[in-house]
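> below are the sequence and a predicted model; questions follow.
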Amino acid sequence: MKQTPRPLLETQGLSKSFNSRPVLSDVNLRLEPGKIYGLLGKNGAGKSTLIKLLNTLLVPTSGTIRFKGKPLGVFSKAHISYLPERTYLDRSTTIAYNLSLFENFYKDFSRPKAEQLLQDLELDPSAKISTLSKGMQEKLQLVLVMSRKADLYILDEPLGGVDPATRDYILDTILNNFAEHSSVLISTHLIADIERILDEVIFLDKGKIVLTGSADTLREEHNQSIDELFRSTFKC
């Protein structure tokens, strides 16, 4: 009998409450290697809370999270590359300083890859963070995250502050820079822009997974794009 491969990341009964108010309820999630997942939901659905739990920035109220069969911790941090929604860069530093910081901190960071991406995005390594626009800072953060050879990339709103042409470049960068053994989890509101690269989608509503499956299968079953399906599912 063929065994089911071990998931890259798995949650079971994952719940999170703040002051007794549930934000996530009984989330069972399974991420397989080699796929790009879209985590989709309205504002307040619990997407960012889930992502923070997966990156050990929050502690679950109940349930478990395992990465490659192990509880989250030092091991998972070494193999998960995380792009937060908000800028965390020190404004007094330069782009080159941040490349050196990542190079020293992460064994899987490729400086040549980062320098090529900077060149493609027309970012000057000598520039100070304080001189960069919000969109340029978001580009830099994506460069840092995607220049790691990680097993899982978790991207929280990676396209929010950039123009449509740059969005296409970023999507192609995501496609071209993750290996067969790795996966990507993307949380975004820009579904029409990103759905062309998605293998799987996860619809989250009021802290619960309400729909999940193959992007191609869902398009065929509902005769809609993922963007249209999202709009019809969450119609006000």
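Right, received. Where do you want to start? Residues are numbered from 1 along each chain as shown.
> show me the contacts for residue 185.
Each residue near residue 185 by Cβ atoms under 8 Å, 6 or more residues apart in numbering is listed here: 31, 37, 39, 51, 54, 152-155. Any C-beta I mention is one placed from the backbone N, CA and C, and that applies to glycine too.
> closest to residue 142 among those residues?
Ranked by distance to residue 142 (Cβ to Cβ), the contacts of residue 185 are led by residue 155 at 7.6 Å.
> tell me the mean pLDDT over stretch 39-54?
For stretch 39-54, mean pLDDT is 93.
> and if you look at stretch 129-147?
Mean pLDDT, stretch 129-147: 91.
> in that stretch, what counts as buried?
Buried positions in stretch 129-147, judged by neighbour count with 16 or more other Cβ atoms under 10 Å: 129, 132, 136-147.
> ok, these vs residue 97, which is closest?
So of the buried residues of stretch 129-147, ranked by how close each gets to residue 97 (Cβ to Cβ), first place is residue 129, at 8.7 Å.
> from memory the closest one sits against residue 94, does it?
Yes - with contact defined as Cβ atoms under 8 Å, residue 129 reaches residue 94; the gap is 7.1 Å.
> what about residue 9, distance to residue 220?
Residue 9 is 27 Å from residue 220, where distance means Cβ to Cβ, to the nearest Å.
> an error on my part: the question was meant for residue 153.
27 Å.
> so which of those two has more stuff around it?
The residue with more neighbours, out of residue 153 and residue 220, is residue 153; 23 against 10, by other Cβ atoms under 10 Å.
> for that one, give me the pLDDT.
With respect to pLDDT, residue 153 has a value of 95.
> helix, strand or coil for it?
Following DSSP: H, G, I helix; E, B strand; the rest coil, residue 153 is assigned to strand.
> ok, now which ones touch it?
Residue 153 touches 80-83, 145-146, 174, 178, 182-185, counting by Cβ under 8 Å, 6+ apart.
> out of those residues, show me where the pLDDT dips lowest.
Lowest pLDDT among the contacts of residue 153: residue 178, 74.
> excluding sequence neighbours, find me the nearest residue to it.
Using Cβ to Cβ, 6 or more residues apart in numbering and skipping the chain neighbours, the partner closest in space to residue 178 is residue 184 (5.6 Å).
> and what about that neighbour, helix, strand or coil?
Per three-state DSSP, residue 184 ends up strand.
> which residues does it form a beta bridge with?
residue 36, residue 153 (DSSP bridges).
> what is the burial count for it?
Using other Cβ under 10 Å, residue 184 is surrounded by 25 other residues.
> quick one: the strands in this protein?
9-18, 21-31, 36-40, 62-67, 70-71, 80-83, 152-156, 183-187, 200-205, 208-214 (DSSP state E).
> reformat those as a markdown table; add distance to residue 106.
As requested, the strands of the chain are arranged in a markdown table below (distance: least, Cβ to Cβ, whole Å):
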| stretch | distance to residue 106 |
| --- | --- |
| strand 9-18 | 19 |
| strand 21-31 | 21 |
| strand 36-40 | 22 |
| strand 62-67 | 16 |
| strand 70-71 | 19 |
| strand 80-83 | 8 |
| strand 152-156 | 13 |
| strand 183-187 | 17 |
| strand 200-205 | 27 |
| strand 208-214 | 31 |
